[in-house]
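**Q** Here is my input; please provide its structure:
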Amino acid sequence: MVDFKLVSDLKSAKIRLTRKNGKEEEIHVERPFYRDMLEVEWRGKKYKVVRSGLIVREAIIYREGEYYAKVLERLGVMTHFDIYRKAKKILTIDEKESLFRHGYDINKRKKVVGSLRPSGLYIPVLSNIGKGYEGEYTGITRDDEEALVLSLLAVCI
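**A** Okay, here's the model as predicted:
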């Protein structure tokens, strides 16, 4: 199991991963002010996350300058994101909201492998303003973890 906590501001962000054996990783993200793009250095590799779209959001993830993964939003009553590595859908992030709780399930082949939720107090409409995210995931491969963490950055920052 891996717990994570993401905090961000207008020009940067960081996500801290805490593994069940107590090891921690902290990933720093830079966000140039002139583009909707994130620059990430993690595990000795450089990534770029290029985001676009107003109605349907999309993010393309490049690893070492080559296409690696894509995050596509699906239209619907709740927010859903499909995560593709190359051309294969590997994970989904599905919104779950009630009057008092807000969060997302992280699914792999219709099985819940994690969750994502806003940090702090949930206030409808204002829940994403100036707050971070936290959650956990388990039972995914290292490659899926790489795509998931970069997708979380794309979706949550």
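**Q** My guess is Tyr133 contacts Pro118. True?
**A** Yes: counting by Cβ atoms under 8 Å, Tyr133 does reach Pro118; the two are 5.9 Å apart. Placement of C-beta: from N, CA and C, glycine included.
**Q** what's near enough to touch the residue nearest to Ser119 when sequence neighbours are not counted?
**A** Once flanking residues are discounted, Ser119 sits nearest to Gly132: 4.3 Å by Cβ to Cβ, 6 or more residues apart in numbering. Contact analysis of Gly132 by Cβ atoms under 8 Å, 6 or more residues apart in numbering lists Lys5, Leu6, Val7, Ser8, Pro118, Ser119, Gly120, Cys156.
**Q** Please pick the buried ones from these.
**A** Taking 16 or more other Cβ atoms under 10 Å as the criterion, what is buried in these is Leu6, Val7, Ser8, Pro118, Cys156.
**Q** So for Glu134, what pLDDT did the model give?
**A** For Glu134, the pLDDT comes out at 93.
**Q** nearest spatial neighbour of it, skipping sequence neighbours?
**A** Leaving aside its sequence neighbours, Glu134 sits nearest to Lys5 (Cβ to Cβ, 6+ apart; 4.6 Å).
**Q** Secondary structure element holding the one you found?
**A** Lys5 belongs to strand 2-8 when assigned by DSSP states H and E.
**Q** That strand pairs with which strands, parallel or anti?
**A** strand 12-19 (antiparallel), strand 133-137 (antiparallel) (DSSP bridges).
**Q** Deepest-packed of the ones you listed, please.
**A** Among those, strand 133-137 has the highest mean neighbour count (mean count of other Cβ atoms under 10 Å), at a mean of 20.
**Q** Show me what secondary structure element comes after that one.
**A** Sequence order places helix 142-156 as the next helix or strand after strand 133-137, per DSSP H and E.
**Q** Now do that next one: distance to the chain's middle.
**A** With Cα atoms, centre = their mean, to the nearest Å as the basis, helix 142-156 stands 5 Å off its chain's centre.
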